[in-house]
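J.: Coordinates for the following, if possible.
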Amino acid sequence: MAAKHRPFAPRQQKPAAKLETKAEEMEHLAERTALEALQDTLEVSCEWVQENLVALLKEELVDDALGKLVFHLRLCRPCQTELDSLKTALGITSPLPALDEPDTGIVDSILQDAIKLNASDIHLEPMRQGLRVRLRVDGVLHEHLKIPEYAHQSLINRIKIMADMNLAERRLPQTGRIRVRMADKDYDLRASTFPFQHGEKAALRILDRSAVLVDLGKMGLSADQLQEVHDLLHRPSGLLLVAGPTGCGKTTVALGLLKALDPVKLNIVTIEDPVEYVLEGISHSHVNRKAGLTYPEGFRHLLQQDPDVVFLGEIQDRETAEAALQGALTGHLIISVMHASDAVGAIARLRRLGVDPGLLSSTLIGVVSSRLARKVCAQCRQAASPSAEALRSLGLAPGIPGQFAKGAGCETCRSTGYRGREGVLEVLEVNDEISGAIKQGADEVSLFNTAVRSGFQSLLRSAASLVTQGVTSAEEALRVTSDLREMRGEDSDG
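T.: From the prediction side, this is the model:
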């Protein structure tokens, strides 16, 4: 007999919160029933399958049992081997058509759930005893499903086929793209596989092609910050950076900047990796490293297209940084993205790449830095009283008036107390004082203090403002700014 597999225990279901309407109740029941049916099917054991193989070959199984057995056989190689051996022993040579159909059920179910929950990422992670599926919703990972070990490689293979990857290659990382249409919307999935100790892991980034890009005025910028951004976009030349860590909304902010420009009066071109959203009136292009079209090479050729504005997808190295600065020096407005902790961190990173401080000080006009904070769920919102320690950590005086709020947790927000996210932004406009500090090689702390003296509103101050408005909670604001409080030393006295 083939090796036996131990199925996962059923996922524990939390009691559902009371739903407002009969329609909502029926929809919720349908969702739970579908998920429970999938979990029930996945938990069919190899012992049960192998005990029923003869009944399968004699066509004696009822529909429900037949469906579960065929589903298992499509995914489980040891049981497939046992079936082949039994067919040989019984002298059966005809194929079973149901087993020749590709498995799409689990992958499609995961995609549908992720899209319904507005997840940004899907992770299929091989563990010692099976495959863990996690979804990133509002920036936080949640475990969604556990899948038995026997199904692992079949699901990874399914994703590889959808993403046009090399099915046979399991030793090296691979990347690809998947286009799907669900709920009358088109989605792009950026797929990545990587070999880990227990097998290949797949990660999928979900991009809604039909999503309407948010205007700058709805991104969380204060009135003063919005005016600063518009002033920067009206500069005829210079480098304008969008900075932040991974998954903080940098691309959304950068495309919001492009959307705020006039594509009729301006020649706006881009080079990206990859092109995620297409804006009307803007000429988009993408990197093709196999053909030799890298960021620096593509950027240099774009400057020959008589552009007014160039969007450079990302600055990752010294060559790309110097090309962007030279382009800004020659009379173009260059907008680019950079991984950094905040606005001052972006300047420091450019210097660490080896960029000349004099060139940087004369061409950098501003940095917009972004974080994303989860918003208090509107359905279970209630008044809150943040502790004095939390308020001080946010730079707020204890007892300060405000519309402080938190979420109690409900069915709508999956008991998290949060639903949706709001931008936490800072805008550093490089004036003469900041430019001089950059040229003199001032360290990050000195640069930050110089900016604050010029009226700069930091990420921590922006987060604190959202707390007093009741948009997010004090705990969430502290979570998304914890690294900055340590680096910049901001507190109630800062």
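J.: Now the closest residue in space to residue 225 that isn't next to it in sequence: which helix or strand?
T.: Closest residue to residue 225 apart from its sequence neighbours, by Cβ to Cβ, 6 or more residues apart in numbering: residue 427 at 4.5 Å. No exception for glycine: its C-beta is placed from N, CA and C like everyone else's. Secondary structure assignment for residue 427, by DSSP states H and E: strand 418-429.
J.: quick one: contacts of the helix or strand just after that strand?
T.: Downstream of strand 418-429, the next assigned helix or strand under DSSP H and E is helix 432-439. When contacts are taken as Cβ atoms under 8 Å, 6 or more residues apart in numbering, the neighbours of helix 432-439 outside the stretch itself are 347, 357-358, 360-362, 364, 428, 430, 446-447, 450-451, 453-454.
J.: How is residue 202 assigned, secondary-structure-wise?
T.: strand (DSSP: H, G, I helix; E, B strand; the rest coil).
J.: separation between it and residue 124?
T.: For residue 202, the distance to residue 124 under the criterion Cβ to Cβ, to the nearest Å works out to 4 Å.
J.: which neighbours do those two share?
T.: Common neighbours of residue 202 and residue 124, using Cβ under 8 Å, 6+ apart, are 155-156, 159.
J.: a markdown table for those residues, including pLDDT?
T.: Shown next, in a markdown table, are those (pLDDT from 0 to 100):
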| residue | pLDDT |
| --- | --- |
| 155 | 86 |
| 156 | 90 |
| 159 | 92 |
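J.: just curious, which of these is nearest to residue 246?
T.: Proximity to residue 246 was ranked across these by Cβ to Cβ; first place goes to residue 159, at 21.4 Å.
J.: Of the contacts of helix 432-439 - the most surrounded one?
T.: residue 347 (30 neighbours; other Cβ atoms under 10 Å).
J.: surely that residue meets residue 367?
T.: Yes. Between residue 347 and residue 367 there is a contact under Cβ atoms under 8 Å: 6.9 Å.
J.: so what's in contact with those two at the same time?
T.: Both residue 347 and residue 367 lack any common contacting residue under the criterion Cβ under 8 Å, 6+ apart.
J.: returning to that earlier point: out of the shared contacts of residue 202 and residue 124, who's the most crowded?
T.: Neighbour counts for the shared contacts of residue 202 and residue 124 were taken using other Cβ under 10 Å; the highest belongs to residue 159, with 24 neighbours.
J.: Quickly find the element holding that residue.
T.: helix 152-162.
J.: by contact count, what packs against that helix?
T.: The contact analysis (3 or more Cβ pairs under 8 Å, 6 or more residues apart in numbering; DSSP states H and E) places helix 152-162 against helix 63-75, helix 105-116, strand 119-127, strand 130-137, strand 174-182, strand 185-196, strand 199-208.
J.: Outline the domain layout of the chain.
T.: 33-92, 102-209, 216-488 (automatic domain parsing).
J.: Run through the stretch 51-200 of the chain and note the low-pLDDT ranges.
T.: For the stretch 51-200 of the chain, the stretches with pLDDT under 70 are 54, 56-71, 73-75, 77, 86-87, 90, 92-104.
J.: switch the cut-off to 80
T.: Applying pLDDT under 80 to the predicted model, the residue ranges of the stretch 51-200 of the chain that meet it are 51-106, 148-151, 183.
J.: List the residues that contact the residue nearest the centre of the chain.
T.: Among the residues of the chain, the smallest C-alpha distance to the mean C-alpha position (Cα atoms, centre = their mean) belongs to residue 120, namely 4.4 Å. For residue 120, the contacting residues are 136-137, 139, 205-206, 247, taking Cβ under 8 Å, 6+ apart as the criterion.
J.: May I ask which of those residues has the most neighbours?
T.: For the contacts of residue 120, the largest number of neighbours (other Cβ under 10 Å) sits with residue 137, at 22 neighbours.
J.: Hmm, that one is touching residue 118, no?
T.: Yes. Because the distance of 6.5 Å satisfies Cβ under 8 Å, residue 137 is recorded as touching residue 118.
J.: From residue 358, how far out is residue 237?
T.: Distance from residue 237 to residue 358, by Cβ to Cβ: 17 Å.
J.: returning to that earlier point: what about the helix holding residue 159, distance to the chain center?
T.: Averaging C-alpha coordinates over helix 152-162 and over its chain gives two centres that are 21 Å apart (Cα atoms, centre = their mean, to the nearest Å).
J.: Dump the C-alpha coordinates for it into CSV.
T.: Only the C-alpha atoms of helix 152-162 are listed here, as CSV (Å, rounded to 0.1, in the frame of the first residue of the first chain):
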residue,chain,number,x,y,z
HIS,A,152,0.9,20.9,-2.3
GLN,A,153,2.8,20.4,-5.5
SER,A,154,-0.4,20.1,-7.6
LEU,A,155,-1.5,23.5,-6.5
ILE,A,156,1.9,25.1,-7.1
ASN,A,157,1.9,23.5,-10.5
ARG,A,158,-1.5,24.9,-11.2
ILE,A,159,-0.2,28.4,-10.4
LYS,A,160,2.9,27.8,-12.5
ILE,A,161,0.7,26.8,-15.5
MET,A,162,-1.5,29.9,-15.1
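J.: For burial, what's the neighbour tally of residue 304?
T.: Applying other Cβ under 10 Å, we find 7 residues neighbouring residue 304.
J.: quick one, phi/psi of it?
T.: The main-chain torsion angles of residue 304 are listed as degrees, to the nearest 10 and equal phi -90, psi 0.
J.: From residue 279, how far off is it?
T.: Distance of residue 304 to residue 279, computed by Cβ to Cβ: 22 Å.
J.: Same question for residue 167.
T.: Remark: distance between residue 167 and residue 279 (Cβ to Cβ) = 36 Å.
J.: Secondary structure element for residue 366, which one?
T.: Per DSSP H and E, residue 366 falls inside strand 364-376.
J.: Can you name the next helix or strand after that strand?
T.: Scanning the chain past strand 364-376 towards its C-terminal end, the next helix or strand to appear is strand 381-383 (assignment: DSSP H and E).
J.: Show residues contacting that next one.
T.: By Cβ under 8 Å, 6+ apart, the surrounding residues in contact with strand 381-383 are 404-408, 470.
J.: The residue nearest to residue 293 when sequence neighbours are not counted - how many residues pack around it?
T.: When the adjacent residues along the chain are set aside, residue 293 lies closest to residue 287, with 6.0 Å between them (Cβ to Cβ, 6+ apart). A total of 18 residues lie near residue 287 under the criterion other Cβ under 10 Å.
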